[in-house]
Each structure stands twice: as structure tokens, then as C-alpha cells.
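>>> Take a look and give me a structure for this.
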Amino acid sequence: MKARLGMSPIAWWNDDLLELSDDVSLEECLAQSRSAGFTGMEKGRRFPDDPEVMLPILKKADVTLCGGWFSGTLVDNDLSVNKDRIQPMIDLFKAVNAPCIVYGEVGRSIQGDRSKPLATKAVLSDDEMKTYARKVTEFGEWCADQGMPLSYHHHMAAVVQFEHELDVFVRQSGEGIPLLLDAGHLAFAGGDVLRAIDKHHKRINHVHVKDVRMDVIDKLDRSRQSFLDAVALGAFTVPGDGSLDFGQIVRKFADYGYEGWFVVEAEQDPKKNPPLRMAQVGHKELMRVMSAAGYTVETKGFPNA
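Residues are numbered from 1 along each chain as shown. Reported below is the predicted structural model:
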């Protein structure tokens, strides 16, 4: 079985908490992650939106674009609004041979609002979830028809956060909307990562290997503290530095024959947790557990664009 290892630039520059950002260029970010062994990087705010500009940067770094976040609003807005907004991203991702676009729902989400405690996250009624899941499925099918599949990201402080919400979303949606399994977000929400893989492995097309510090999460006052408060306190980290057993998690994916990207997304203070050092820690741990699970990890970065 083959796998590819990528990172998110959120370890270097945080789009929601600018204070958790290092003064590092895109080129240096790519160079650091590549030197640690990662062959892919998801899109961040310092990436150019012109493929003619992006491709030479990726080629020089020997890195491929392995995904990127789209802020979807389908829980409140029409398909047409989101189609218009995502079309330039589809065109860009196709031009650089990216595998998928990560769909993150920001409608009714409090993930970017530090004034909103975790306990105040929106909860959809049964009818709202059914309507929402069907709309996201239609959107995913349309994006795939344009040549770029989506990967739906369950997320803390969003309308699909808890494991039971993910279960209902999957049941009400269709195969036209694949899933991103994020170990850290699911664990933060109190879910069982291995159980979720068992239930939803047929729909998973992208994986975030985010680790958590459960001692930080367990001390949160969810009636007062927000998602961004948790991030600032260090709730997330890289595999090998947190509380999750990625040996078990990766082995579970291997049991189901998953082949694709495993992306380290670990937002934290780069001054307290230097991104290069954390990338090295995460890559070392992933290589250990990948080998034990029978994966062969791709070492070439830049594709034949």
C-alpha cells in the first residue's frame, strides 16, 4: 500500500489567530517541511492564486499541493453562491494537480470567533441536517463534475462537530461528498477515532493526522472558552507529541486499504513549538507507524504537472 505525507502551513501561519504566525515566507515554509521529509503542503494564505506563479515555487521546493480549505456556507446560502466562490479554486487546483479541495462549513460556525464559547456551537435539527447533507452532496457532485473532488471536514465549533453529528451527516448525504477524517478534531469532540474509521472508511478520501494534548482539552471550561482559546493554549500538536495512538489509527486505515494523503495539521504557537522541529517530530512518528502498518511512503514531491 502506498501513502503520501503532507503538512498544513497553519503550523507556520495561522489564518484565524495571526498572533500564532511566524514571519516565514512561503518558500521557507515549503523548504522546512520538505527538509523534514514531507512531500506535500496544503494551501495557505501566503500561496499565490495564479498557477503560473505557484507551479515554479512548488517545483523548486519539490512539493505538491495536497489540498486546501474552502470556507463553505451551504448551511445558509444557495448552491449558486458557493459555486461562484469555489470556481476559481477549482480552476487553480486542477492546474496544479491537487487531489481535492477541503470543504469546511463556516455557516453558523463559531470556530473563528474568540468571543463565542465552545458550548454555544450551533446544533442543526433533524430536518435541517437532512436538508444540509443533501445540499452538500449536490455541491460535491457538481465539483467532481468540474474535475475536482471535495473532502468534507467535520470540525470543532461547526455544525458537524460531534461523532453522532458526523454519523447523521454521512447517513443523510451521499457518496458524492467524500469525507476528510481529522483525528484531532474528532478526539477533541469526544469521539472515537477508530470507531469512526470503521463506520465511514468507504467515504474517506483525505486524512488529517492532527494530534491533541488531552490534558489541555480536559481543563477547558467550554461554557467560557472558545475554540481559538483552546488553540492558543496548545490543544493541538503533531503526531508523536500528543495523546493519540497513531500506530492504531494508521493501522486501522491500512486494514481498509486506504491509500492517499496523510496531512499533519497542527496549529500552535510557532515560538513555543518551532514548526521545523515539530515537522521533524511528526514525520519521524508517521514514518514509524506507516512502516509498521505496511505502507510504502512516496518520497517524490512535485508531480508531472
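
>>> Enumerate every residue touching the spatially closest residue to Val81 that is not a sequence neighbour.
In space, and not counting its chain neighbours, Val81 is closest to Thr73: 6.9 Å by C-beta to C-beta, 6 or more residues apart in numbering. Placement of C-beta: from N, CA and C, glycine included. Thr73 is in contact with Val81, Asn82, Glu105, Val106, Gly107, counting by C-beta atoms under 8 Å, 6 or more residues apart in numbering.

>>> The second one - that's part of a helix, no?
Which is Asn82. Yes: judged by DSSP: H, G, I helix; E, B strand; the rest coil, Asn82 forms part of a helix.

>>> what's around it, how many residues?
Per other C-beta atoms under 10 Å, the neighbour tally for Asn82 reads 22.

>>> can you check the one 3 residues further on too?
With neighbours defined by other C-beta under 10 Å, the count for Arg85 comes to 14.

>>> What's the separation between it and Gln268?
Relative to Gln268, Arg85 is positioned 29 Å away (criterion: C-beta to C-beta, to the nearest Å).

>>> try Ala196
Taking C-beta to C-beta, one finds Ala196 at 24 Å from Gln268.

>>> cool, and Ile101?
Distance from Ile101 to Gln268, by C-beta to C-beta: 25 Å.

>>> before we move on, what about Phe236?
The spacing between Phe236 and Gln268, counted by C-beta to C-beta, is 6 Å.

>>> And Thr39, by the same measure?
22 Å.

>>> which residues of the protein fall in strands?
For the chain, the strands defined by DSSP state E occupy 2-7, 40-43, 64-72, 101-105, 150-153, 179-182, 204-208, 211-212, 236-237, 260-264, 296-297.

>>> With mean neighbour count, mean pLDDT and distance to Asp126 added, can I get the ones you listed in JSON lines?
As requested, the strands of the chain are exported to JSON lines (neighbours: other C-beta atoms under 10 Å; pLDDT from 0 to 100; distance: least, C-beta to C-beta, whole Å):
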{"stretch": "strand 2-7", "mean neighbour count": "22", "mean pLDDT": "98", "distance to Asp126": "36"}
{"stretch": "strand 40-43", "mean neighbour count": "25", "mean pLDDT": "98", "distance to Asp126": "33"}
{"stretch": "strand 64-72", "mean neighbour count": "22", "mean pLDDT": "98", "distance to Asp126": "21"}
{"stretch": "strand 101-105", "mean neighbour count": "23", "mean pLDDT": "98", "distance to Asp126": "17"}
{"stretch": "strand 150-153", "mean neighbour count": "26", "mean pLDDT": "98", "distance to Asp126": "19"}
{"stretch": "strand 179-182", "mean neighbour count": "25", "mean pLDDT": "98", "distance to Asp126": "20"}
{"stretch": "strand 204-208", "mean neighbour count": "22", "mean pLDDT": "98", "distance to Asp126": "24"}
{"stretch": "strand 211-212", "mean neighbour count": "24", "mean pLDDT": "98", "distance to Asp126": "30"}
{"stretch": "strand 236-237", "mean neighbour count": "26", "mean pLDDT": "98", "distance to Asp126": "31"}
{"stretch": "strand 260-264", "mean neighbour count": "25", "mean pLDDT": "98", "distance to Asp126": "32"}
{"stretch": "strand 296-297", "mean neighbour count": "14", "mean pLDDT": "98", "distance to Asp126": "42"}
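
>>> closest to Val159 out of these?
With C-beta to C-beta as the criterion, Val159 lies closest to strand 101-105 of the strands of the chain, at 5.7 Å.

>>> what's in contact with the closest one?
The contact list for strand 101-105 (C-beta under 8 Å, 6+ apart) reads 42, 67-75, 86, 89-90, 93, 136, 139-140, 143, 148-153, 155, 158-160, 177, 180, 206.

>>> in its sheet, what does it sit against?
The pairing partners recorded for strand 101-105 under DSSP bridges are strand 64-72 (parallel), strand 150-153 (parallel).

>>> Which residue lies nearest the spatial centre of the chain?
His208 (4.9 Å; C-alpha atoms, centre = their mean).
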